[in-house]
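Colleague: build me a structure from this.
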Amino acid sequence: MKTILITGATSGIGLVIANQLHQNGYKVYGTSRMPEKFRTKFPFEILELDITSEESIQKCMATLLAKTSTIDALINNAGIGVCGSAEETSIEQAYKQIETNFWGAVKMTRAVLPFMRKQRFGKIITIGSLAGIIGVPYQSYYSASKHAIEGFFKTLRIEVRPFNIKISVIEPGFFKSNLHHTFEYAQPVIPDYDNLRKNALAVLNDSIEKARTPEPIARIVLKIMKSQSPDFSYRVGKNSWLAPFLQFLFFRVYEFGVRVKFML
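Modeller: Got it, this is the predicted structure:
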């Protein structure tokens, strides 16, 4: 039975992925900063983990390796969202966004790589975002964190290929999740942005509320797990191909479309 570690597996996209893999016969270990709240709620085990803490990561890995001799896959899913204009977002909030979404995934990846390299196999799947390919207004630092993920894992894929470690990034568009219910909003606010911010964030929240549930993302994870030679990039969701295409080939058309969509 293949063993999979999934960060942020107690709600939203991570929970759907964890359930899909569990139902398909994988041994799933999810993580949470407060595992005691969830230990009896799910059919898979929940380990304690704060991806921003090196100490927590090492404790989680020690717990995991006491339960299994191999790590077949790591799924980097945990993350946060900071919303607001780039100018309004405090440096502390910006650091927190990058620390969680980018450095959290990097630290977890660095924690599993020695074991995967020793066993000469493994898969690392990271939940990126369409925002890692295009820009999303009033989510500048979130977009930056997801762009950083693209660059890091694209390079890592080449470096660890000789050790039979496969790297993939899933780039979803809008899907229904709990992320927008946990958004942190930029402070201090600047009145000049009030109407623009209100319009953009209303569209963002409405797009998430009306989006599909994340089962297509879970099916892609399952596809990657079953593949001998998975691709690097897996885009999924509405406009997941059209928006990047327009941005790279017809930037002014793309930019006009974004302004219209977000009422800017």
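Colleague: run a quick neighbour tally on residue 159.
Modeller: Neighbour count for residue 159, taken as other Cβ atoms under 10 Å: 11. Using the backbone N, CA and C atoms, a C-beta is placed for each residue, glycine as well.
Colleague: and residue 169, backbone torsions?
Modeller: Main-chain dihedrals, residue 169, degrees, to the nearest 10: phi -130, psi 130.
Colleague: typo on my end, residue 134
Modeller: phi -120, psi 170.
Colleague: just residue 4 next, same as before
Modeller: Per-residue torsions, residue 4: phi -130, psi 130 (degrees, to the nearest 10).
Colleague: which parts of the stretch 51-200 of the chain are strands?
Modeller: Under the criterion DSSP state E, counting those that start in this stretch, the stretch 51-200 of the chain contains strands at 73-76, 82-83, 122-127, 165-172, 184-185.
Colleague: now those as TSV including mean pLDDT?
Modeller: Listed next are the strands of the stretch 51-200 of the chain as TSV, based on pLDDT from 0 to 100:
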stretch	mean pLDDT
strand 73-76	98
strand 82-83	94
strand 122-127	98
strand 165-172	98
strand 184-185	93
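Colleague: could you export these as a markdown table, including mean neighbour count?
Modeller: Listed next are these as a markdown table, based on neighbours: other Cβ atoms under 10 Å:
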| stretch | mean neighbour count |
| --- | --- |
| strand 73-76 | 26 |
| strand 82-83 | 24 |
| strand 122-127 | 24 |
| strand 165-172 | 24 |
| strand 184-185 | 14 |
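Colleague: residue 241 is nearest to which of these?
Modeller: Smallest distance to residue 241 across the strands of the stretch 51-200 of the chain (Cβ to Cβ): 10.0 Å, for strand 165-172.
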